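Peer 1: How does the following fold in three dimensions:
(chains A and B)
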Amino acid sequence: MALAKPAAELRIAGSKLPVIPLPTNCPGCGVALDVESLRKHNYVCDCGHHFRLGADAWIALIADRGSWKERWGDVRSHDLLNWKVPKPYQEVVEQLLEDGLNEAVRTGTCTLAGRPIWLAAFDFRFVGGTLSIVAGERLARGMEQAASSGIPYVLISASGGARMQEGVLALMQLAKVNAAVGRLHSAGVPYFSVLTDPTFGGTAASLALLGDINIAEPGAAIGFTGPRVIKQATYADLPPGFQSAEFQLAHGQVDLVLPRTELRHLLAHLLEMYP
Amino acid sequence: MTRHGRKPDESTLSVWQVVELARHPERPYSLDYIRRLAPDFIELHGDRLSADDPALVGGVGTWHGRTTMFLGHQKGRTLKERVARNWGMMHPEGYRKAIRLAHHAAKFHFPIVSMIDTPGAYPGAGAEERGIAAAIAAAIMEWFRIPVPIVAAVIGEGGSGGALGMGVADRVIMLENSIYSVASPEAAASIVWRDNTRKVEAAEQLQLTSRDLLAMGVVEEVVPEPKGSARIDYDVAAAALDESLHRHMQALLTQPTEDLLQHRYERFRYIDSLIHAEPQFGPKI
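Peer 2: Model prediction:
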C-alpha cells in the first residue's frame, strides 16, 4: 500500500495560529518536552500521552499535503439568545475568530493516501469544541454531500457537548446531524469516527458514537455526563479509568483504541477495504 | 400569532416561576394524560435485551378510534414511586425500549404519541457503563426512519439529550408551563459559571419557556393550561392536550410515508434556519 507522506508541518497555509501550545512538561510522565521530537511523533509523548490537537493540526495530520479544501468556512455564529452573562457570547466568539480559530468544527474535502474523503474536525479551543448551529450546519452539509457523492466521511471529535449559549437551538443540532448520519448510512457510505480527548455530552450522544467504525485515542475521556456532574448527582466514587477510551472499549462502545501514530495508516487501509 | 393558531395569554410569571410550575410535584405526569386520552391503555414493558426502564412508560391504547402507541417519561408521585421511576430519568434501556416499541408501532401502522417530562437522562455511573450516549444517539437517528406519524408533547420538563432522545417527531407541541432546554438551568449554571446556584440567571438566559420555543419556531404550538396551571385541573389540561395532539395527528395521517419522513428530516435539518421565528431571532444563516 502506497501511503502518501504524512504532512510534516502542523500548520495550515494562511492560518495565523501558533503551533500547538504545549505545557513544558508532559502531564502523563512529567518529563520535560522536546517540542521538535514531539511534533515528529504527532504530539504523542514517549510515555503514550496524547496531546490535544486543534482542528488545524488534525487537518494537517490527516489530509495529504496540499489536498485540503475547506468548505463553508464563512458560516458564522450569531448571538441569537442575546446571551450576556458572565460574558457576552458575541464578544467571546469575535475574540476567538480574531485569534484565528474558525468555530468548533471545520469541514472540507481532501485526500488521504490519494483517496478522496470528507473530513470534519472539532476544535476544543473554540468554546470547548461545543456543538453549535454553525458546527451542526457544517457537519450536516458535509454529510449530505458525502452521502450523495459516495465519498467516505471521517470525523475527528473533541467536544464538551452542546453549546449552552445557543440554548435549545444547540440541542437541536443533535437531531440535525444524526438525521444526516442516517443519510450516510442509508447511502452505504463509510463513516469513520475518531474520538479524541475529550468527547462528551451531546457530541457523544449524537454523531461521534454513530460511526461504522468508532476509533478512540488511548486515554481519551469519552462519555455522556462528565465525572464532576456524576459525583455531584450520585455521590459515587468513580474508579480510575472510568470513561477512558479503554473503558469504552471494554463496554462495547468503540471498536478500537489506536495510538495516533497509527491512525493515518489504519484510515488509509480502511478506505481500501470499504471502497 | 403562532404558526398554528392560538397564542396563550401573556404570562406575568417570572422565568423561574415557570420552571417551578414545570417541575411541580402535583403536575400531571404522562400516565395521568395517557389514561385520560386512552382509558383502555395497556402498558408494554422491556427493551428485549436486558431490562425494563420504569422511567419511560410505553404501550397501546385506543385514541379517537385508532390504536395508538403512547410513550412518555414518568416521574413518581410518592417518594417510593419517585425512586422506582428514577425521577423520570431514563437509563440506556429506556431508549432501547422506546425504539423497540416504535418498531412495534410501525409494524401495525399505529401512530405514535410521545410525552416528554424529564430533567435529563440519568447522570450515573451505571448508565455510562451501559452506553447511555450511544443509546441516545442511536435513538435520535432511528426516529428519522420510523415510518408512522409521530407527535411529541413536552408536558413538563424537557431536559437536554435525555428529552430529545424522545423528541424527534413530525410535530412537537408544548404545554404552556413546560420548559425545553439544552440543559437544566442547574447544569447550565454549573457549565457556564461553574456554580449551580446561579440557576435563576441561567434559566433566564436559556430562553426555555414554551413562548420562547414557539418564538424560535422550534415547536409548532403552545397548548394553554387551565388557570393556575395544569395541576389545578387534570381533566381540563388533558382535554386541551388531546385536542391539540389530535389535530396535529389528523394532518399527518393522510401523508404518504415518503413525504412524512422527508418532512421530518427537513423539520430538524432546517430547524435553526429560523424561517418561522419571530423577528428578534433570524433568519441569520
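Peer 1: Helices of the stretch 1-150 of chain A, start to end?
Peer 2: Using DSSP state H, counting those that start in this stretch, the helices of the stretch 1-150 of chain A run over A:35-40, A:55-62, A:89-98, A:133-149.
Peer 1: Let me have these in TSV, extended by distance to chain B, mean neighbour count and mean pLDDT.
Peer 2: Any C-beta I mention is one placed from the backbone N, CA and C, and that applies to glycine too. Listed next are the helices of the stretch 1-150 of chain A as TSV, based on distance: least, C-beta to the nearest C-beta, whole Å; neighbours: other C-beta atoms under 10 Å in any protein chain shown; pLDDT from 0 to 100:
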stretch	distance to chain B	mean neighbour count	mean pLDDT
helix A:35-40	31	12	84
helix A:55-62	20	24	94
helix A:89-98	9	15	92
helix A:133-149	5	23	97
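Peer 1: of these, which approaches B:I191 most closely?
Peer 2: Closest approach to B:I191 among the helices of the stretch 1-150 of chain A (C-beta to C-beta): helix A:89-98, 13.4 Å.
Peer 1: helices or strands up against the closest one?
Peer 2: Contacts defined by 3 or more C-beta pairs under 8 Å, 6 or more residues apart in numbering or on different chains; DSSP states H and E place helix A:89-98 against no helix or strand at all.
Peer 1: Quick one: work out the angle between that helix and helix A:133-149.
Peer 2: If you take axes from the mean of the first three to the mean of the last three C-alpha atoms, to 10 degrees, helix A:89-98 sits at 60 degrees to helix A:133-149.
Peer 1: roughly how far is helix A:89-98 from the heart of the chain?
Peer 2: Put simply, helix A:89-98 sits 21 Å off its chain's centre (C-alpha atoms, centre = their mean, to the nearest Å).
Peer 1: do the same with stretch A:200-212
Peer 2: Distance, stretch centre to chain centre, for stretch A:200-212: 11 Å (C-alpha atoms, centre = their mean).
Peer 1: List the buried residues in the longest helix anywhere in chain B.
Peer 2: Criterion DSSP state H: the longest helix present in chain B is helix B:234-253. Using 16 or more other C-beta atoms under 10 Å in any protein chain shown as the test for burial, helix B:234-253 gives B:234, B:237-238, B:240-242, B:244-246, B:248-249, B:252.
Peer 1: quick one: is the very next helix or strand once past it near chain A?
Peer 2: Past helix B:234-253, further along toward the C-terminus, the next helix or strand under DSSP states H and E is helix B:257-269. Yes - using C-beta under 8 Å from any C-beta of the partner chain, helix B:257-269 reaches chain A at B:265, B:268-269.
Peer 1: Can you show me the CA trace of helix B:257-269 as CSV?
Peer 2: In CSV, the C-alpha atoms belonging to helix B:257-269 read as follows (Å, rounded to 0.1, in the frame of the first residue of the first chain):
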residue,chain,number,x,y,z
THR,B,257,-44.8,7.7,4.3
GLU,B,258,-42.1,9.0,2.0
ASP,B,259,-43.4,12.6,2.4
LEU,B,260,-43.7,12.1,6.1
LEU,B,261,-40.1,11.0,6.5
GLN,B,262,-38.8,13.7,4.2
HIS,B,263,-40.7,16.4,6.1
ARG,B,264,-39.4,15.0,9.4
TYR,B,265,-35.9,15.2,8.1
GLU,B,266,-36.4,18.8,6.9
ARG,B,267,-38.1,19.8,10.1
PHE,B,268,-34.9,19.2,12.1
ARG,B,269,-32.4,19.9,9.3
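Peer 1: and chain A, which of the buried residues of helix B:234-253 reach it?
Peer 2: Within the buried residues of helix B:234-253, nothing lies near chain A by C-beta under 8 Å from any C-beta.
Peer 1: among those residues, which two are most distant?
Peer 2: Distances among these were taken as C-beta to C-beta; the most separated pair is B:Y234 and B:L252, at 26.3 Å.
Peer 1: Can I get the longest helix of chain B as CSV, trimmed to CA atoms?
Peer 2: Output of helix B:234-253 as CSV, limited to C-alpha atoms (Å, rounded to 0.1, in the frame of the first residue of the first chain):
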residue,chain,number,x,y,z
TYR,B,234,-56.0,17.5,35.2
ASP,B,235,-59.2,16.9,33.1
VAL,B,236,-59.2,20.4,31.5
ALA,B,237,-55.4,20.1,30.9
ALA,B,238,-55.8,16.7,29.3
ALA,B,239,-58.7,17.8,27.1
ALA,B,240,-56.6,20.7,25.7
LEU,B,241,-53.7,18.4,25.1
ASP,B,242,-56.0,15.9,23.5
GLU,B,243,-57.5,18.4,21.1
SER,B,244,-54.1,19.7,20.0
LEU,B,245,-52.4,16.3,19.6
HIS,B,246,-55.4,15.0,17.7
ARG,B,247,-55.5,18.0,15.3
HIS,B,248,-51.8,17.6,14.5
MET,B,249,-52.1,13.8,14.2
GLN,B,250,-55.0,14.1,11.8
ALA,B,251,-53.0,16.2,9.4
LEU,B,252,-50.2,13.6,9.4
LEU,B,253,-52.2,10.5,9.0
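Peer 1: Need the helices of the stretch 1-150 of chain A in a markdown table (columns: distance to A:L81).
Peer 2: Converted to a markdown table, the helices of the stretch 1-150 of chain A look like this (distance: least, C-beta to C-beta, whole Å):
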| stretch | distance to A:L81 |
| --- | --- |
| helix A:35-40 | 40 |
| helix A:55-62 | 25 |
| helix A:89-98 | 7 |
| helix A:133-149 | 11 |
